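A.B. asks: kindly return the folded structure for what I paste below:
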Amino acid sequence: MWSAAACSFPQDPDGTLKRVTGGVLRVGVSENPPFTRWPGGAPEAGESGEPSGTEVELVSAFAASLDAEVAWVPGSEADLMTRLEESELDVVIAGLQATTPWSSHAAITYPYATSIDDKGEEVRHVMAVAMGENGLLTTLESFLLAQDLAP
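C.D. replies: Numbers count the residues shown, from 1 in each chain. The predicted model follows:
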């Protein structure tokens, strides 16, 4: 016989939410205006600069809700997803769509907002966190839900 009281869900096997709270949230950013922008265009990894855009603003507010600083890390989606899988990043933002092929490499948030593409089709947007870091994922999703941006 086992006891559910001994379990606490959701859990973060790597302790991401605990580490980030009052610490540093490492956010990978791939340029995709208007969601994510870098001054003067996408910088190479290691270059300084502060990104902007709607997702940057959301993640900045999320980090503030955790009393966390944000370390912005530029890169391509492929590079950032690899770094997310290797636990070098906590969140990836890039104007990702709910149909992203990266869903087999990362935990994808529920669609938090919609936009209309060039064909007039509705696009649902998501963010990505490391697989298994369900405490961070649910905390981010709760934050996004409280912003009343849901599709």
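A.B. asks: residue 107 - how many residues pack around it?
C.D. replies: Neighbours of residue 107 under the rule other Cβ atoms under 10 Å: 20. C-beta coordinates here come from the backbone N, C-alpha and C atoms, glycine included.
A.B. asks: can you check residue 115 too?
C.D. replies: What residue 115 shows, counting by other Cβ under 10 Å, is a neighbour count of 15.
A.B. asks: show me what the strand or helix carrying it is packed up against.
C.D. replies: Residue 115 is part of strand 113-116, with elements assigned from DSSP states H and E. Packing contacts for strand 113-116, counted by 3 or more Cβ pairs under 8 Å, 6 or more residues apart in numbering; DSSP states H and E, involve strand 122-125.
A.B. asks: in the chain, which spans are strands?
C.D. replies: 24-29, 69-74, 91-93, 107-108, 113-116, 122-125, 128-129 (DSSP state E).
A.B. asks: roughly how far apart are the residue nearest the centre of the chain and residue 109?
C.D. replies: With distances taken as Cα atoms, centre = their mean, the residue of the chain nearest its centroid is residue 91 (3.5 Å). Using Cβ to Cβ, to the nearest Å, we find residue 91 at a distance of 9 Å from residue 109.
A.B. asks: what's in contact with stretch 32-42?
C.D. replies: Applying Cβ atoms under 8 Å, 6 or more residues apart in numbering, the contact partners of stretch 32-42 are 29-31, 49-56, 74, 93-95, 125.
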